[in-house]
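# Attaching a predicted model along with its sequence, questions to come.
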Amino acid sequence: MRVARGTLLTLLCWAMLAILPPMLGDWNASLLAQYVTYGIFALSLGLLWGTAGILCFGQAIFFGIGAYSMALVTLGKLPALGTSQWTGLALALALPAAAAALIGWLLFRGRALAGAQLGIVTLCAAVVAETAARRWDFIGGFNGLFGVPPLAFPFEGDTLSGIGTAYATLAAALAAYLLGLAITRSPLGTVLAAIRNDENRTAHLGYNVRSHKIFVFTVSGGIAGLAGALFAVQFNFVSPSLVGFALSTEVLIWVAVGGRAVLMAAFLGALLVRSAENVMSATLADYWLLALGLLFVATVVLAPQGLLAGLLHLPPPRRLRRRLTPGSAGSVAARRDADDAVATPRADGAAAGVP
């Protein structure tokens, strides 16, 4: 029943999100679109942290690169690329992914960084990125860039209404979720889960741990860049704070509250926290930050796996269910967490499902 419940609740969440925009009206639908944008950002970290166990304190770097990419293109600051939002979106996917691949190559080469060391380095990278953005006049310096054109349909025509923007953002969120789900439930995802649980043992089994970590880091960066691009066209500005440590910390909170082990939980965690912030700031005046902080502390202490992970936990992939016999220790582990099972490496030592 628990397995079926997770699948059913996930489908129900997407169905509810699909029917909400017309019911909310134009203004509130645009607010929902903003929350969904943050949800895509949280999903990018959920894929990285929850699947591969890589805790990055600089995830906003990729979000900010995506936002600046969209802004620079649509404002005509890169004349060779034109001003199309399609081009801006492509650049917002490609540049953060390339940056993530480069940073991942530097972080995971040789004696790869992990744990607290990785957190400190990525934290410092976020601080450096924000400082550099403040001093780079081409991208607006301290003030950032204003007047970014709002989202149009289909990226070239009339400006979308709040409801239209909500549906466009939901479509992007669903695409990002399905990509993340395809990765986590593939043999590649099983290897990433093995790296999360015991990196040394996974390496001893013959897997190229470094390549796997760089891959998931790159995909996560691209998804964060997508969220940044959507942020730019919804808020019509970008600023250095988008690549800084503060936003990187916020997304960690969203994912922790929702549940890092389940992509849908991480996504909904952002919507839940942002909604709570909106309500608390309107009702508690100057005390809302204190109340929100207490709520976060209580969540971490009482529900360390997140508020939604248990409800939205999906069943193991069929290939794992077929391999495990009922009543075995492996079967019990699969029922507890499908990601804990490790795929058997091929004879040549290459990772299953990886070219």
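Happy to help now that I have it.
# which SS state does Phe57 fall under?
Classification of Phe57 using DSSP: H, G, I helix; E, B strand; the rest coil returns coil.
# ok, for it, nearest residue in space, not its chain neighbours?
Leu123 (4.0 Å; CB to CB, 6 or more residues apart in numbering). The C-beta positions use only the backbone N, C-alpha and C, and glycine is treated the same way.
# need the contact list for the one you found.
Counting by CB atoms under 8 Å, 6 or more residues apart in numbering, Leu123 makes contact with 57-58, 245, 248.
# Tell me which residues of stretch 199-218 come out buried.
199, 202, 205, 207-210, 212-218 (16 or more other CB atoms under 10 Å).
# Next, give me the two most distant ones among those residues.
Leu205 and Thr218 (22.8 Å; CB to CB).
# and the host helix or strand of the residue nearest to Phe57, what's its mean pLDDT?
Leu123 is part of helix 115-135, with elements assigned from DSSP states H and E. Average pLDDT, helix 115-135: 88.
# re the thing from before, make a markdown table out of the buried residues of stretch 199-218 and add pLDDT and secondary structure.
Converted to a markdown table, these look like this (pLDDT from 0 to 100; DSSP: H, G, I helix; E, B strand; the rest coil):
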| residue | pLDDT | secondary structure |
| --- | --- | --- |
| Glu199 | 86 | helix |
| Thr202 | 88 | helix |
| Leu205 | 87 | coil |
| Tyr207 | 88 | coil |
| Asn208 | 89 | coil |
| Val209 | 90 | helix |
| Arg210 | 90 | helix |
| His212 | 92 | helix |
| Lys213 | 92 | helix |
| Ile214 | 93 | helix |
| Phe215 | 95 | helix |
| Val216 | 94 | helix |
| Phe217 | 95 | helix |
| Thr218 | 95 | helix |
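# Show me which of these is closest to Leu160.
Of those, the one sitting nearest to Leu160 (CB to CB) turns out to be Thr218, at 29.7 Å.
# Need the pLDDT of the closest residue to that closest one other than its chain neighbours.
In space, and not counting its chain neighbours, Thr218 is closest to Ala101: 4.4 Å by CB to CB, 6+ apart. At Ala101, the model reports a pLDDT of 95.
# who's in contact with the helix or strand harbouring Ala101?
Counting by DSSP H and E, the element that carries Ala101 is helix 85-108. The contact list for helix 85-108 (CB under 8 Å, 6+ apart) reads 58, 61-63, 65-67, 69-74, 81, 113, 118, 121-122, 125, 149, 151-152, 155-156, 209-210, 213-214, 217-222, 224-226, 228-229, 233.
# quick one: buried residues of it?
For helix 85-108, using 16+ other CB under 10 Å, the buried residues are 85, 87-93, 95-97, 99-101, 103-104, 107-108.
# Identify the residue nearest the geometric centre of this protein.
By CA atoms, centre = their mean, the mean C-alpha position of the chain lies nearest to Ser44, the distance being 1.6 Å.
# Mind giving me the packing neighbours of the helix or strand containing Leu45?
Applying DSSP H and E as the criterion places Leu45 in helix 2-45. For helix 2-45, the packing partners by 3 or more CB pairs under 8 Å, 6 or more residues apart in numbering; DSSP states H and E come out as helix 60-74, helix 162-184, helix 209-235, helix 245-258, helix 263-283, helix 309-312.
# closest to Ala298 out of those?
Among those, helix 245-258 comes nearest to Ala298, with 10.3 Å by CB to CB.
# pLDDT below threshold where in the stretch 51-200 of the chain?
Within the stretch 51-200 of the chain, the segments meeting pLDDT under 70 span 110-112, 153-157.
# 90 - rerun?
Applying pLDDT under 90 to the stretch 51-200 of the chain picks out residues 51-56, 82-84, 106-123, 151-162, 189-190, 195-200.
# got TSV for the buried residues of stretch 199-218, with distance to Arg274 too?
TSV is the format used below for the buried residues of stretch 199-218 (distance: CB to CB, whole Å):
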residue	distance to Arg274
Glu199	33
Thr202	35
Leu205	41
Tyr207	37
Asn208	38
Val209	35
Arg210	35
His212	32
Lys213	29
Ile214	31
Phe215	29
Val216	25
Phe217	25
Thr218	27
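# Which of the residues you listed sits closest to Thr7?
Val216 (23.7 Å).
# For that closest one, give its distance to Val191.
10 Å (CB to CB, to the nearest Å).
# Ala60 now?
27 Å.
# between those two, who's got more neighbours?
Ala60 (28 against 25; other CB atoms under 10 Å).
# How about the contacts made by the more buried one?
126, 224, 242-248, 251.
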